[in-house]
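Undergrad: Here is my input, please return the structure:
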Amino acid sequence: MRLEIVCEDRVGVAQQVLGVFVEHKINIKGIDAVTETGHIFVHIPDLDFSELQTFMPQLRLLEGVKDVKTTPFMPSERERNELATLIRTFPDPFISIDTRGNVRGVNEVALSIIGEDLKSIIGEPASQWIKGFNITRWLESGDVLAQTQRIKFKEDDFVADILPISVFDEQGQPVMAGAVFILKSEARLGQQISVFKQQNDGNFVGIQASSSAMRKVVREAKRMSLLDSSMLIVGETGVGKELIAKACHIASDRAESPFMALNCASLPDDVAETELFGCGAQAGNAHKKGLFETADGGTIFLDEVGEMSPKLQIKLLRVIEDGSFRRVDDEQEIKVNVRFISSTNKDLLSLVAQGEFREDLYYRLNVLGLNVPSLRDRRADILPLAEHFINKTAQMTGKYNLKMSADCRDFIEHYPWPGNVRQLENVLIRAVSLLEGNVLETEHLQLPSYTREHGYLEQEFEGTLDQAVKQYEADILRKLYPAYPSSRQLAKKLGLSHTAIANKLREYDINKKTVKI
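TA: I've put the predicted structure just below:
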């Protein structure tokens, strides 16, 4: 039990307060006195209600005592636990030493690097693990000043901020009480310098763009974010289309207004319609706002817009044209001002040719087009992304100083990642969460088999070999057709007869209407 006693500034009041505890034979575990505010905090064993009824009024009747009440914690307890929490969760190695250079405490990051249990470290000379800096000479020097030095900690290079700890005596003079070492690895320093140098580009700093292909995407997206026209982001599932859409919204003049997203593939037609347009008042219930109303002044993100039904396509076209619509089961006309950003992993022009997507809607949505490459086409981004996801998960799970083995790094870099960034993140979250130890190996990654010689083998492979071969053949022809847009040119490129290629193009519906040239 902890009590907070508020007193006047009077000589002897504290002695009288303590006298009440002595009189009732109550053991005092701890006392905090805040003289500036006149508060005395007392930590005592838990008492029965009857005992409290006896001595609490006695405390309140003392001259100079203004109030007595229970409190959940002592100020010193809070400060001690606050400091312990800060040190424990600090992302860099932290070591505290006494005036003889012996270890008083370390955080979990430093402990994991040392590789020993805490009891065996406390009281031991810190020089066992810290090399390249004479701790004893520094502590015994006449003027102990804070400094930054390059050191070795367990054979690895670190930059150390070395900070003396002092307390003040009765005359207000500082007395040396020890020191703390805050260590930063080369990787951590590099990350901090990189963040410092990055420009304030809204949320684009969160997009990994080490590869030239992705840097080009980010440059184009930044320019497009300043415009107010509709935007279509094209890319495979999991490449980060929504992340880019949010970044464009945050960097735009609409950043202070809502960003609302709808996955067009995840909801039935009637539910998606209600989500977008809202619903009129029914049976005494108030009307329900849809995403268009909610996002007024902001941005609507239509994810996988190629999955939208013909009925919704017609309604969406009208909203894009004049900003007006009606709620479901309502005749009232509503006007909104929203910017449309859409995404798709499909060839919308092919869907237009097949009559599955409206051509006029396609050109309304695709005023500004952005193509996001797959992860396998931007390999320079793979390892930086992997390290980001590993560090992020390590901090969430309380694991520190995690590394990837050379074999694991090589495997991650050359794996095709059919699920792109989303798959990479999910695989690494699982691997780090279940990891025992500090080194991530290839066998910790739960992925379908892949070799450079034979490629990616899907565990959930469906269909026949003939279907798979035809699918592969169609993909190749569709990719080559824009560069060789006639059957004769394509036949010459592939070493086949004109008739064979013409038949295949017809079979796979590849022509100037279905493939953008």
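
Undergrad: From now on I want contacts and neighbour counts done on CA atoms only, so please keep to that.
TA: OK.

Undergrad: can you give me the strands in the stretch 201-350 of the chain?
TA: In the stretch 201-350 of the chain, the strands defined using DSSP state E, counting those that start in this stretch lie at 231-234, 259-263, 299-303, 324-326, 333-335, 339-344.

Undergrad: so G101 touches I122, yeah?
TA: No. With contact defined as CA atoms under 8 Å, G101 does not count as touching I122 (11.2 Å).

Undergrad: These two - which one has more neighbours?
TA: The neighbour comparison of G101 against I122 (other CA atoms under 10 Å) goes to G101, with 21 against 16.

Undergrad: residues in contact with the more buried one?
TA: P125, A126, S127, I135, T136, L139, G178 (CA atoms under 8 Å, 6 or more residues apart in numbering).

Undergrad: So which of the residues you listed is the closest to E236?
TA: A126 (52.4 Å; CA to CA).

Undergrad: Enumerate every residue touching the closest one.
TA: Contacts of A126 (CA under 8 Å, 6+ apart): I97, G101, N102, V103.

Undergrad: taking the residues you listed one by one, which sit in strands?
TA: Counted as lying in strands by DSSP state E, out of those, are I97, V103.

Undergrad: got a winner among the contacts of A126 for most neighbours?
TA: Neighbour max across these (other CA under 10 Å) = I97, 24 neighbours.

Undergrad: What separation do you get for that one and E116?
TA: Per CA to CA, to the nearest Å, I97 is found 17 Å from E116.

Undergrad: Next: D407.
TA: 27 Å.

Undergrad: Equivalent analysis for N503, please.
TA: Counting by CA to CA, the gap from N503 to E116 is 71 Å.

Undergrad: Then E275?
TA: E275 is 56 Å from E116, where distance means CA to CA.

Undergrad: Equivalent analysis for P384, please.
TA: Applying CA to CA to P384 and E116 gives a distance of 30 Å.

Undergrad: again with D360
TA: For D360, the distance to E116 - CA to CA - is 68 Å.

Undergrad: Show me the two of the contacts of A126 that sit farthest apart.
TA: G101 and V103 (6.6 Å).

Undergrad: residues in contact with the nearest residue to F90 once chain neighbours are set aside?
TA: Setting aside the residues directly before and after it, F90 is nearest to N107 in space (CA to CA, 6 or more residues apart in numbering), at 7.4 Å. Contacts for N107 (CA under 8 Å, 6+ apart) come out as I87, R88, T89, F90, P93, F94, I95.

Undergrad: try it again with 10 Å
TA: Contact analysis of N107 by CA atoms under 10 Å, 6 or more residues apart in numbering lists 84-96, 118.

Undergrad: Let me see the contact set for the nearest residue to P93 once chain neighbours are set aside.
TA: Using CA to CA, 6+ apart and skipping residues adjacent in sequence, the residue nearest P93 is A110, 4.3 Å away. Contacts for A110 (CA under 10 Å, 6+ apart) come out as 88, 90-95, 116, 153-154, 182-183, 400-401.

Undergrad: Show me the domain layout of this structure.
TA: 2-77, 90-190, 204-371, 375-456, 465-507 (automatic domain parsing).

Undergrad: Have a look at E275 and E116 and say which one is more surrounded.
TA: E275 (19 against 11).

Undergrad: which residues sit in contact with the nearest residue in space to that one that is not next to it in sequence?
TA: Counting by CA to CA, 6+ apart, E275 lies nearest to G290, which is 5.1 Å off, once chain neighbours are set aside. Residues in contact with G290 (CA under 10 Å, 6+ apart) are A272, E273, T274, E275, L276, F277, G278, C279, R327, V328.

Undergrad: Pairing partners for the last one in the sheet, please.
TA: Yep, that's V328 we're talking about. C279 (DSSP bridges).

Undergrad: Is it correct that it is in contact with F277?
TA: Yes. Under the criterion of CA atoms under 10 Å, V328 makes contact with F277 at 6.6 Å.

Undergrad: Just confirm L477 contacts L494, I think it does.
TA: Yes. Assessed by CA under 10 Å, L477 is found in contact with L494 at 9.5 Å.

Undergrad: Give the residues shared as contacts by these two.
TA: By the contact definition CA under 10 Å, 6+ apart, L477 and L494 are jointly contacted by I501.

Undergrad: So for the two, which residue has more residues nearby?
TA: Legend: neighbour count by other CA under 10 Å for L477 and L494, higher for L477 (18 against 11).

Undergrad: Let me see the residues that make contact with the host helix or strand of that one.
TA: Element membership for L477 (DSSP states H and E) is helix 465-480. For helix 465-480, the external contacting residues (CA under 10 Å, 6+ apart) are 461-462, 484, 490, 493-494, 501, 504-505, 507-511, 514-516.

Undergrad: Sort out for me which of the residues you listed are in helices.
TA: L490, K493, L494, I501, K504, L505, E507 (DSSP state H).

Undergrad: Show me which of these is closest to R339.
TA: For the ones in helices among the contacts of helix 465-480, the nearest to R339 is L505 (38.3 Å; CA to CA).

Undergrad: could you redo the domains of the chain as TSV and give each row mean pLDDT?
TA: What follows is the domains of the chain, written out as TSV (pLDDT from 0 to 100):
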stretch	mean pLDDT
domain 2-77	85
domain 90-190	89
domain 204-371	89
domain 375-456	85
domain 465-507	86
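
Undergrad: which of these sits most buried?
TA: Of those, the one with the most neighbours on average (mean count of other CA atoms under 10 Å) is domain 204-371, at a mean of 18.

Undergrad: now the end-to-end length of it.
TA: 16 Å.

Undergrad: what do you get for stretch 170-179?
TA: One end of stretch 170-179 to the other measures 21 Å (CA to CA).

Undergrad: Let me see the contact set for the most centrally placed residue in the chain.
TA: The residue lying closest to the centre of the chain (CA atoms, centre = their mean) is K392, at 6.7 Å. Contacts for K392 (CA under 10 Å, 6+ apart) come out as A386, K399, I429, V432.

Undergrad: Look up phi and psi at it.
TA: Here is the backbone geometry of K392 (degrees, to the nearest 10): phi -60, psi -50.

Undergrad: follow-up on the earlier one: and of the contacts of K392, the nearest to E220?
TA: Using CA to CA, the contacts of K392 come closest to E220 at A386, 24.6 Å.

Undergrad: Just the element for the closest one, please.
TA: helix 382-397.

Undergrad: Just list the residues touching L163, thanks.
TA: By CA under 10 Å, 6+ apart, the neighbours of L163 are S96, V144, L145, A146, Q147, T148, G178, A179, V180, F181, I182.

Undergrad: Specify the beta-bridge partners of the last one.
TA: Put plainly, it is I182. F94, D161.

Undergrad: my guess is it contacts F153, does it?
TA: No. In this structure I182 lies outside contact range of F153 using CA under 10 Å: 11.3 Å.

Undergrad: Check which helices and strands the helix or strand following the helix holding A386 sits against.
TA: Next helix or strand after helix 382-397 toward the C-terminus (DSSP H and E): strand 403-404. If you count contacts as 3 or more CA pairs under 10 Å, 6 or more residues apart in numbering; DSSP states H and E, strand 403-404 packs onto helix 382-397, helix 406-414, strand 439-440.
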